[in-house]
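Q: Sequence plus the predicted model coming up.
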Amino acid sequence: MKNIKLNIIYLISFLFIVSCDSTNLDLLDDPNGAAPSDADIALLLNGAMTNFISFNESATDFGMQVTRMTQMSGPVYDNAYAPTSFNTLWSNAYAGVLTDTKTVIANGTEASLFEHVAVAKILQSYTLTTLVDTFGDVPYSEAILFTGNLNPKLDDGAEVYTAALELLTEAIIDLDKVSVKDLNGDDDIFYGGSTAKWTTLAKTLQLRIYNNMRLSSPNIAAINALIADGDLILNADEAFEIEYGTSDNDPDQRHFKFTESYLGNGGEYMATYFMNLLKNVKSVEDPRLRYYIYRQTLDYPDPTTAEGLFTLPCLGESKPNHFAFNDPFCNVGDGYWGRDHGDAAGGPPDTDKISTWGLYPAGGQYDDDQGTPAGASDGAKGAGIHPIWNAASTKFLLAESALLAGTTGNALTLLEEGIVASINKVTSFNADAIPTGATVPDTGDIMAYVDEVLSNYTAATSDMDKLNIIITESFISNWGNGVEVYNAYRRTSMPNNMQPVKSATPGKFIRSFLYPGNLVNLNSNVSSKVDNDVRVFWDLNPDTIE
Amino acid sequence: MKTKLKGVLTLLLALVVQFSFAQEKTVTGTVSDDSGPLPGVSISVKGTTRGTDTDFNGKYSINAKTGDVLSFSYLGYETMRKTVGSSLVINVALKEDASVLDEIVVTAQGIKKSKKALGYSVSSVKAADIEGKPAVDIAQALNGKVAGVEILSGGSTAGAGANITIRGYSSITGSNQPLIVVDGIPISSASNRQNGFNSANGASSGSRLSDIDQNNINNIEILKGLSATVLYGEEGRNGVILITTKTGNSSSRKNKKMSVSVTSSLFFSKITGLPEWQNTFGNGWQGSASKAFSNWGANFNDVTEVPHLYDGNSYQSSQGGGAFNDFFPEYVGASYAYKPYDNVEGFFRTGASLVNSVNFSGGSDNTRFNASYTNTDTEGITPGNAIVRNNLSIGGSSKLDNGLVITGSINYILSDLTTPPTAASYGSNASGGSSSVFANVLYTPRSVDLNGLPWEDSLNRSVFYRTNNSIQNPYWTINNEKYSEDTDRINGKLALSYPITDKINILFRSGFDSYTLENTFAVNKGGINYAGLGRYDKSYIRERILDNTLIVSGTQNLTEKVVLDFTVGANARKNTYESLSAAYTDQLIYGKFFSNNFVNKNAGSFYNEQVNKLGVFASLNFSYDNYLYLNLVGRNDWASTHEDGNNSLFYPGASVSFLPMKAFDIDSNGFINFLKLRGGYGTSARFADAYNTRDVLSVNTNTWLNAGNGNSVVNSNSVSNAIGNPDLKPELQTEIEFGIEGKFFNNRLTLDASIYKRNAKDQIIRRALDPSTGATGTLTNAGELETTGLELLLSGTILKTDDFSWESTINFSSYKSMIVDLPDDVDQIYLNGFSNQGNFAKEGEAFNVLMGTYVERDASGNPIVLDNGYWKVSSDIGVIGDPNPDFNMSFINGFKYKNITLGFQVDFTKGGDILSYSAATLLARGLTADTDVDRGQTLVLPGVLEDGSVNTTQISLTDYYFDNYLYGASEALIYDATLLRLREVSLTFDLPQNSLDNSPFSKVSLSFVGNNLWRKAFNFPDAHQGFDPQVSSLGVSNSKGLDFMAGPATKQYGFSLKANF
């Protein structure tokens, strides 16, 4: 009896012990991922580059909208953008580009991978200046310390700009050093591993910084030194841009404006002002118009029918009293269907009718009067580019600087070279995607356009009028890039014929955007801006712009 | 049969003849109670250590001398003493002890205790309260039955998981769902939805809790406080729902007789009251008829005909483009009657639920066997929504001659849930390009005959009334988009129990729960959403829980009056979770779902996770003279989710129960029959989820194609956005509770009240970070949540005559969960919904407070109006509502006249805000009766301009409703959700016993049950009473008070027939 009892107790205890194969507590490494120590610097740089793409995509819209390239809904500046609108941009910048580049710079320097380090510094520099341009003071000295500081303080925008300039100087030096391993050309999505082109970019971005700071700390000598050095982006193949493709899956690599606008969702409204600027302001149509804008219909709806008026309500409205005679309103002709600045009306069934992104730069459809709704298999199928800086940008910058600061070069010549560089880039873009037999602008059309601009320039009596022409041409050439046009508008108040906001009392123009929700809500050292009128450090432009 | 047995027993007792013998002899007998033999009764010979228990048949045998006194004791029964006389047979009939709370309850780790000895609150729900009821899962069936248990439905589709919280909230960002223990084995009650609530089917996803067969439930005990749940370890911190199934119930006394019971029920469900529509104005905008989303069109008196809704429309380019007129030539130039149609109600159908269940039990001397099978076949009110479930359970136990008791049970469940997509909507299609059958149906303009228009063309493409076809036709949706969850689950247990001595028992229990869940989301091409391409997503999830427990328990008389019951044990639990998923898009052949029919095959992803937890525990129970009880408990847990050094936590508890009536020997002549005062202190832990203590590297392949280099593939590494926290510690939660229980007026009135306060400090919080730190989130220990509450159960027999009785129960509960502390540098933590509109944790505010944009106000509180005449919406977010109700109350009544029972349950919830897009959308789109006003008028919003002057700008009624309710401040969407609901009405007939005498049946009963037949939300506008504010658009989660068009509410009614033979 005793034995049986012991046996049973043994049996029960034995069962418990053998059934507990689960006593292992060392299950702390995530089997679904790698450890930070497994990171590869070259792959991290790839991560930084792809994060840089996302960052640019999330940073471009705001500038385009407030400068009337694409439409700002509004209805007034005060409520045009909720702080949360900037969350993605903020996260892409800091938790994306800046974190990855910081790691590449730290680890790559130790490993003597100077080419990788240089590229990381250039991407970081551009990201920092764009953050300052968008928001003003931003975290830098206390940023990216992880648990070291969960509430980074804001640094003065000017100091961040100085740091960005210094990063470029260091990058130029690093690119000259001997690296243990070269950049991988297969992975370098910008310049295919060419250190020379990266050097050119670094110097051009320095030039851009000096020009942006033209009002706050003019440095003619530095600009002239860069001009004399001559290593600037002046040729088409040096352009700093993101190239998209047609792959719709794994990864979906189509241009972000193409996926927004060509998959049946309609996408955003083009701004009435911009379409009018291309179409009606000069005696000839801009040769880039049909590359830039694609019309899904060639006609406006009939405003005498209820359905027509419902679909495009502004056709039934008269031009607001505060609009000047030359300000466009609603109808710019030929079915160019957009929206006025600050028109916040609800969405009628117009997604298949509104004018949308064309072939350049979104990789959409060239407008050959098709007048059919945009579809996924149209045009270049999304193989567009996102322009960050190109030859025309440099030319217009030099023209502005030559005119106002007297730096080396002839403003008129530079203006002409800028326009030609821009038109050439656009008209030679993805030529295969233009329908066969389509009417495209010929040399005569292009020359007529260039001649008109140049004669206007020559006829202009004041430097401000001349500058307006340079900035307007620069503005047109920057289609797709909201960062540069927003900077130029605040720096110069130009183009000077912007369409007013639809509301007669729209409040103050957004001189810098409100801080993102995920900054003010999560960082106890930062609170919301008082209003939209907080200016970036370089914005000493005395004008009140609207 | 029973009566017969009783007679025999009485006869036997009467025949007992006493003889006197001094020698020891073997005395045998049967111990029984009113309903039959009683197994497990302790029998001891006074003054000796000899003792034994009755077996399954209530039989015992013990050696005793003539003159010895045998003591028969059993929990809940009056102890009976018998002196051994000359007879060798002593049969005893025990009486239930009416002077105490005579309930025996199952407590933690399956330990049975007399309720009077407990220093904490335990609530019980009997089988009769849940079986044969129209709810598809037990959570729904428990609604309102227990004070302190709050249940929110996940949506109006049949099979949607429910959200259960017990005593409010204890964790800010962790789960607050209770632990479910079936027959001693913790099981998974995970939701496993594969999509966010704002896409595809979030809210309608099922819960693994729904797998439990409610017809196989014997009883449910609910352990609410921490002092009750300590032994269950950290998993029990949110309360424990202990379910004993009929098949797993090892203590069934009616073992020898074979019994079979069959239950059949048929219930119908219907939409409960729609919004009160207005029938004066039709589809349009700003007063004129057009094919708008909204219903701000012309007056039906002014316009009676419009061009046909399909005339001139065009397809979306993602559908291939083209004109409707080519496919519907019959509508070209045709006209369409502009009038109100019965469009929304006609869309929904009458749902039906058929449940058939058979239960079998039987046994022999030392074995018992139980089997149960239930088939549930339910169709919801929304076309395309159904749940089919099969539950098979087998269980049994056997006592070997050597005393070893082996108990085992196994449950097999097959459950198939299908539902159309129900993504969150803010009143304009569904969020993020997904589909929602509810959103697109509910705001159908009055003049659009949803049910009479074609919904597809000859190419199977969705067609609807907007000129650009930008709304997916709801009929197309239900015919072409299907979400399903197919579950294949098996769980069960094996337990060996052995009495080492008379007083000490050893138990080993091994339980497992394993299921495979196949999620499928299948969408045909030709729709508006998902780029018109169609998609086919599949995921397989396998979760396995292995839970092993060793328990040694015993009892020891320390002195004459002090008895010690002790339990010591160890527990090991392993939880593994694996998933495998794939997402295909771009369907080739319409209507077919197989992998090669899709052009884009996104590589699937595998995920696996393992968490191990170990625990040792002990419980010491001292009882003093049957009126004072002290229980000391403690448990130490180790978890594999924290770094060494932080992975262990000890948490103790103590509770006291005191019976003053007995202690002071008070006789109140039946005025107070029983009184118990209790107090408890308990603690518990929470360990983090897996893999949060170490940094990971984000690795991505195919991140980009290098277009400048022949599209070469670019792969990447990236610094992770989450920071691993090696210092992460488990949370410690503490709770004190006090209670009083009593029976009054000859046991006619029962009172059970508790107050409690629970603090959870150093919470494991998923803290969102400002990305400029380099990361977007990390887990940290911070913050404190404090919950205080009150629960009250009052039940009584109000009237009782020979034929008639009226029993009534009131459950009342109220709690406040407050965020008393957050880290100084954290303003608020976003919890659920959207980061600019949802539930938040904010210091000094109630947990889950609703935050969103609000209308800016000047110093004296006037709303600020912008120059355009609209209110100025804040750019930041503020507190706009508190979704927690002030209290919940239910009033349950049962009237019994002879063999007829009538029952009803009324629930009342006071307060609690809800952010309702359902109500706001109907207002904003001009559909409901409250917008049936002179629409030509203009309106001036009250308020002041920023310069302080009074606003005078006139805006149209369309603009007022549309821009304020749908596109203004979130504040405008807040409603008070105070609600009175007739939860249940039931009428049951028991066939009279004499009519069954010549039938094979021993009992037959027929019930008619209606659920949710009436309700009133007092502070909702009259036109919006169709909306049930007790929904959660986020399904099973911590969220509360968010309705993103969760769908219409339903009522159920039907009957259920139960027969025993």
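A: Yep, that arrived.
Q: For the strand or helix carrying B:Asp486, which helices and strands make contact with it?
A: Applying DSSP states H and E as the criterion places B:Asp486 in strand B:481-499. Judged by 3 or more C-beta pairs under 8 Å, 6 or more residues apart in numbering or on different chains; DSSP states H and E, the packing partners of strand B:481-499 are helix A:2-19, strand B:185-187, strand B:405-419, strand B:504-523. For the C-beta atoms, the positions are set from N, CA and C on the backbone; glycine is no exception.
Q: Just the buried residues of it, please?
A: By 16 or more other C-beta atoms under 10 Å in any protein chain shown, the buried positions in strand B:481-499 come out as B:481-487, B:489, B:491-499.
Q: Give me the residue at the spatial middle of chain A.
A: Among the residues of chain A, A:Thr60 comes closest to the average C-alpha position under C-alpha atoms, centre = their mean, at 3.0 Å.
Q: Next up, the contacts around residue 209.
A: No chain was given, so I picked chain A. By C-beta atoms under 8 Å, 6 or more residues apart in numbering or on different chains, the contact set of A:Ile209 is A:129, A:161, A:164-165, A:168.
Q: actually it's chain B I care about, not the one you picked
A: Counting by C-beta under 8 Å, 6+ apart, B:Leu209 has contacts B:137-139, B:161-162, B:164, B:180, B:189.
Q: For it, which non-adjacent residue is closest in space?
A: Using C-beta to C-beta, 6 or more residues apart in numbering or on different chains and skipping residues adjacent in sequence, the residue nearest B:Leu209 is B:Ser189, 4.1 Å away.
Q: that's a strand at the one you found, yeah?
A: No - assessed with DSSP: H, G, I helix; E, B strand; the rest coil, B:Ser189 is coil; it does not lie in a strand.
Q: ok, it - contacts?
A: By C-beta under 8 Å, 6+ apart, the residues touching B:Ser189 are B:177, B:180, B:207-209.
Q: measure it to A:Asn265 for me?
A: 39 Å (C-beta to C-beta, to the nearest Å).
Q: do B:Ile43 as well
A: 80 Å.
Q: of those two, who's got more company?
A: Legend: neighbour count by other C-beta atoms under 10 Å in any protein chain shown for B:Ile43 and A:Asn265, higher for B:Ile43 (24 against 18).
Q: dump the residue contacts of that one.
A: B:31, B:51-54, B:60, B:62, B:70-72.
Q: May I have the phi/psi pair for it?
A: Main-chain dihedrals, B:Ile43, degrees, to the nearest 10: phi -120, psi 130.
Q: same thing with B:Asn391?
A: The phi/psi pair for B:Asn391 (degrees, to the nearest 10) is phi -120, psi 130.
Q: For it, list the residues it contacts.
A: Contacts of B:Asn391 by C-beta under 8 Å, 6+ apart are B:211-213, B:216, B:372-376, B:411-413.
Q: just the residues you listed now: which is nearest chain A?
A: Taking C-beta to the nearest C-beta as the measure, chain A sits nearest to B:Asn411 out of those, at 19.4 Å.
Q: B:Val260 and B:Ala371 touch, don't they?
A: No - using C-beta atoms under 8 Å as the test, B:Val260 is too far from B:Ala371 to be in contact (9.7 Å).
Q: list the residues that contact both of those two?
A: B:359-361.
Q: Could you tell me which of those residues belong to strands?
A: B:359-361 (DSSP state E).
Q: ok, and which of these reach chain A?
A: Subset of these in contact with chain A: empty, counting by C-beta under 8 Å from any C-beta of the partner chain.
Q: Present these as TSV; the columns should include neighbour count and pLDDT.
A: Formatted as TSV, these follow (neighbours: other C-beta atoms under 10 Å in any protein chain shown; pLDDT from 0 to 100):
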residue	neighbour count	pLDDT
B:Asn359	23	90
B:Phe360	17	89
B:Ser361	22	85
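Q: and the next element down the chain from the one helix or strand the residue nearest to the centre of chain A maps to?
A: Assessed by DSSP H and E, A:Thr60 sits inside helix A:41-66. Of the helices and strands lying after helix A:41-66 in sequence (DSSP H and E), the nearest is helix A:87-91.
Q: Give me the residues contacting whichever helix or strand comes after that following helix.
A: Counting by DSSP H and E, the element after helix A:87-91 in chain order, helix or strand, is helix A:99-110. Residues outside helix A:99-110 that contact it (C-beta under 8 Å, 6+ apart): A:39, A:41, A:44-45, A:47-48, A:51, A:114, A:116-117, A:119-121, A:123-124, A:127, A:144, B:718-719, B:774-775.
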